[in-house]
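Engineer: Predicted model and sequence below, questions to follow.
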Amino acid sequence: MKKLLFFISCCLVVVSSQNLLAQAPKKIIVEHSDYFDINQVEVPDAVLLTGSVRLNHEGIIMTCNKAYYFQKENYIKAFGNVQLVQGDTLFLNSKYAEYNGNMKQAFATGDAVMRSPESTMVTDTINFNRNTQEVYYNSNGTITNRENTLKSKSGKYFVAEKKFQFLTAVTITNPKYVIKSNHLDYYSNSGHSYLFGPSTITSKANYIYTEKGFYDTKKNVAHFLRKSYIKYDDRLIEGDSLYYDRNKEFASATRNVKITDSINRGIIKGHYAELYKNKDSVFVTKRAVAVNFVENDSVYIHGKKLMVTGKEGNRIIRAFNNVRFYKTDMSGKCDSIYSSSKIALTKLIGNPILWNGDNQITGDVMHLIGNNTTRKIDSLKVLNNTFLVSKDTLGTGYNQVKGQNLYGKFLESKLHDVDIIKNTEVIYYMRNDTHDLIGINKNVSSKINIIFDKNAIETITFFNQVDGDIYPEAELPENARKLRGLNWRGFERIKSKEEIFTDEENLLNYQIIRQTKEDDAKENVPMKIRKETLNYDKKKKKI
């Protein structure tokens, strides 16, 4: 039994000794030196190597003009034309360098230059840790490659990942733009940049701000998150998520999208948008709304899809599918809208209906015409099957005016008077100053003029071939109190800007806003590295 225990103990000692030997650092090998000398006075405990010095330590090659080799410490001090080479991944040049074979760490200073297959870094002092394969510097450094120049006060390079990381002020200069950030990860092989914290991208075309983003400096495409926006000369694009293609000058935005037009004093909102800068084209959907500021009021136009195209002075707004619009004293609905700033014309297309105060106006064709000088609504045109209806203020009847065409004029953005012509018919409840019913006016004529005061009918004037009478209420039966084609739609009237949206759209909006608040409440963390970044070299090899 004692012999067995002794044998096991011996085996354990042998195994332990082998492990220690395996973990022990290997000695630096001197492969060449023109002169080999020992001078205890000049450099105690060191070997002096001069002339075409070449050293090797576990695959890293060091060359220089002169070196002090401290064999006990496994340490090198190198002078003149120093170069450290690690395979084909890293080349480090300097006037002076130190290398610790036990720690596998290098220190280089004096016009220090690090080169990799993709880029070159120039700084005063460079440190290289072979164990972690990290290069770092704490003095002003400049990194250059084919597309970009990066400058920072400090930085770190991860050899295996081919990644530069900057945690202080860094600037990337490209012929087309300049990126500035305090936290940036830059992959030299792919040109992919990951921005974190307040960051800007400035170019002749636009100005971009983000606090979390990705930019492909080779393909010029980007994805921005968190408090991001793109600012052109006349437009500001905001959204929870922004995609940008600089080559096409195309941008898309998702969730809480807001596009501000500073020249035309307008805003477009939605939860998805696309913008083509060179085409002056904007497309918005998902609870899309265009807001135009007119004097001290705002006009809200909503459709399932909104399109804005054309340059300043020739801009066209199109809204599609179940369009609704609202202004303080006017609202309406139609299938689609076409609005041109050049001719100051807005067409309400497909089953148009307009509410001016309590007055409901319908017809086959409806146009709102503006004045480009005053930037106000000037007139209204309704063609074919015109119907103007309002409820009697106190009774249950309806004031009705029917004709072929209607031409209206606005005063201070309010409908002031209208002319209804051809085959006009009227049923009107006449009341005195105390609101007592005098009678019901029912007649026909060739033309009618109506003047409004505070959006209510003030006077009605009949022209040419007037035929009719004023009937006491009791003498005009109910079935004679409605003109043919009357369709009262007062229950559809839009009375606020919130009512231009459907319940489903409002629910979507509520869910998105809630999700955004939850996301904003979370701690901001760097963007997850994309697969195309991590697999970039693998993809190139396959090609």
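Structural biologist: Sure thing, it's come through.
Engineer: Next up, the contacts around V122.
Structural biologist: Counting by C-beta atoms under 8 Å, 6 or more residues apart in numbering, V122 makes contact with D111, A112, V113, G141, T142, I143, T144. For the C-beta atoms, the positions are set from N, CA and C on the backbone; glycine is no exception.
Engineer: again with E147
Structural biologist: N174, G191, T217, K218.
Engineer: What is the nearest of these to D297?
Structural biologist: Using C-beta to C-beta, N174 comes nearest to D297 of the contacts of E147, at 44.9 Å.
Engineer: list the helices and strands the host helix or strand of I457 packs on?
Structural biologist: Here I457 sits within strand 456-463, counting by DSSP states H and E. Under the contact criterion of 3 or more C-beta pairs under 8 Å, 6 or more residues apart in numbering; DSSP states H and E, strand 456-463 touches strand 414-431, strand 437-453.
Engineer: coming back round to it: relative to T132, which of the contacts of E147 is nearest.
Structural biologist: Looking across the contacts of E147 and measuring by C-beta to C-beta, the closest to T132 is G191, at 24.0 Å.
Engineer: how near is the closest one to N100?
Structural biologist: G191 sits 34 Å away from N100, going by C-beta to C-beta, to the nearest Å.
Engineer: Of the two, which one has the most company?
Structural biologist: G191 (23 against 18; other C-beta atoms under 10 Å).
Engineer: so that one touches V221, yeah?
Structural biologist: No - judged on C-beta atoms under 8 Å, G191 makes no contact with V221 at a distance of 10.9 Å.
Engineer: what are the ranges of the helices in the stretch 301-450 of the chain?
Structural biologist: Ranges of helices in the stretch 301-450 of the chain, per DSSP state H, counting those that start in this stretch: none exist.
Engineer: thinking again about what came up before, next structured bit after the strand holding I457?
Structural biologist: Using DSSP H and E, the helix or strand that follows strand 456-463 in sequence is strand 467-471.
Engineer: how far does that following strand sit from the chain's center?
Structural biologist: Put simply, strand 467-471 sits 64 Å off its chain's centre (C-alpha atoms, centre = their mean, to the nearest Å).
Engineer: do stretch 255-268 as well
Structural biologist: 12 Å.
Engineer: Next: stretch 322-338.
Structural biologist: 28 Å.
Engineer: What's the local residue count around the residue lying closest to S190 once chain neighbours are set aside?
Structural biologist: Distances taken as C-beta to C-beta, 6 or more residues apart in numbering place Y536 nearest to S190, at 4.0 Å, with adjacent residues excluded. Counted by other C-beta under 10 Å, the residues lying close to Y536 total 17.
Engineer: How about N423?
Structural biologist: 13.
Engineer: before we move on, what about Y429?
Structural biologist: Y429, neighbours per other C-beta under 10 Å, totals 22.
Engineer: Who does it form a beta bridge with?
Structural biologist: Note on Y429: beta-bridge partners by DSSP bridges are I440.
Engineer: May I see the contacts of V122 arranged in CSV, with neighbour count as well?
Structural biologist: Below are the contacts of V122 laid out as CSV (neighbours: other C-beta atoms under 10 Å):
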residue, neighbour count
D111, 12
A112, 24
V113, 15
G141, 25
T142, 14
I143, 25
T144, 14
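Engineer: between these, which is closest to V257?
Structural biologist: Closest approach to V257 among those (C-beta to C-beta): I143, at 35.7 Å.
Engineer: how much space is there between the nearest residue to M430 once chain neighbours are set aside and P352?
Structural biologist: With C-beta to C-beta, 6+ apart as the measure, I438 is the residue that lies nearest to M430, at 4.4 Å, once sequence neighbours are left out. Counting by C-beta to C-beta, the separation of I438 from P352 is 34 Å.
Engineer: same question, N174
Structural biologist: 51 Å.
Engineer: Same question for G408.
Structural biologist: Taken as C-beta to C-beta, the span from G408 to P352 is 14 Å.
Engineer: just Q404 next, same as before
Structural biologist: For Q404, the distance to P352 - C-beta to C-beta - is 16 Å.
Engineer: Of the two, which one has the most company?
Structural biologist: P352 (23 against 16).
Engineer: Quick check: pLDDT value at that one.
Structural biologist: Looking at P352, its pLDDT reads 96.
Engineer: who's in contact with it?
Structural biologist: P352 is in contact with G332, K333, C334, T362, G363, V365, M366, counting by C-beta under 8 Å, 6+ apart.
Engineer: cool, and D335?
Structural biologist: Going by C-beta under 8 Å, 6+ apart, the list of residues near D335 reads F320, N321, N322, V323, I349, G350, N351.
Engineer: contacting residues around the third one?
Structural biologist: Listed by C-beta under 8 Å, 6+ apart, the contact partners of N322 are G303, K304, K333, D335, T502.
Engineer: Excluding chain neighbours, what is closest to the fourth one?
Structural biologist: Nearest residue to D335, sequence neighbours excluded (C-beta to C-beta, 6+ apart): G350, at 2.7 Å.
Engineer: residues touching that neighbour, list them.
Structural biologist: G350 is in contact with C334, D335, S336, counting by C-beta under 8 Å, 6+ apart.
Engineer: can you tell me which of those residues lies nearest to D378?
Structural biologist: Distances from D378 to the contacts of G350, taken as C-beta to C-beta, are shortest for C334 (19.8 Å).
Engineer: Below-threshold pLDDT in the protein: ranges please.
Structural biologist: The chain contains residues with pLDDT under 70 at 1-23, 295, 539-543.
Engineer: partners of the residue nearest the centre of the chain in the sheet?
Structural biologist: Most central in the chain under C-alpha atoms, centre = their mean is L242, positioned 3.1 Å from the mean C-alpha point. Beta-bridge partners recorded for L242 (DSSP bridges): F224, A253.
Engineer: pretty sure it is touching S228, no?
Structural biologist: Yes - using C-beta under 8 Å, L242 is in contact with S228, at 5.0 Å.
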